[in-house]
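**Q** Model the structure of this input:
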Amino acid sequence: MVGHNYKNLIKSFKDLFVEDSLIDVSDGWYIMVLNVLNIISSHNNIKNSEIKVLSIKSKFGRLRIYLSEYDDYLDGVLDAFEKQSFYICERCGNQVLSSGFGTLCLKCK
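**A** I've put the predicted structure just below:
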């Protein structure tokens, strides 16, 4: 399922996505996804590489982004955003104080 906001991201970052890229996360993580895509795009420009986004999804209540290839820098970036997502409600973007296998704030539970 790709929401309207994510469809716009795919259009804005069309060079980062392959034809069958999957985005299956809620709107609460939109800003994080936007930030990650900006970083990957800048990294591609600086390194003159063509790393592609294969999928963006929630796995065990965390944001997971899968790429066509990785390097140490992008491994660190994706790891940091994955850890940050554990404390952000995937539905509304509010802070989550503690989490289990779903990342929802008290309001959204």
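
**Q** ok, now which ones touch the spatially most central residue of the chain?
**A** The residue at the geometric middle of the chain, judged as the C-alpha nearest the mean C-alpha position with C-alpha atoms, centre = their mean, is residue 33 (3.6 Å). Residue 33 is in contact with 6, 9, 23, 25, 56, 63, 65, counting by C-beta atoms under 8 Å, 6 or more residues apart in numbering. (Each C-beta comes from the backbone N, C-alpha and C, glycine too.)

**Q** Neighbours of the fifth one, how many?
**A** To tie it back to what came earlier, the one meant is residue 56. 23 (other C-beta atoms under 10 Å).

**Q** hang on, the residue nearest to the centre of the chain in a strand?
**A** No: remark: residue 33 does not belong to a strand; assigned using DSSP: H, G, I helix; E, B strand; the rest coil, it is helix.

**Q** Just the ones of the contacts of residue 33 in helices?
**A** Counting by DSSP state H, the members of the contacts of residue 33 that fall within helices are 6, 9.
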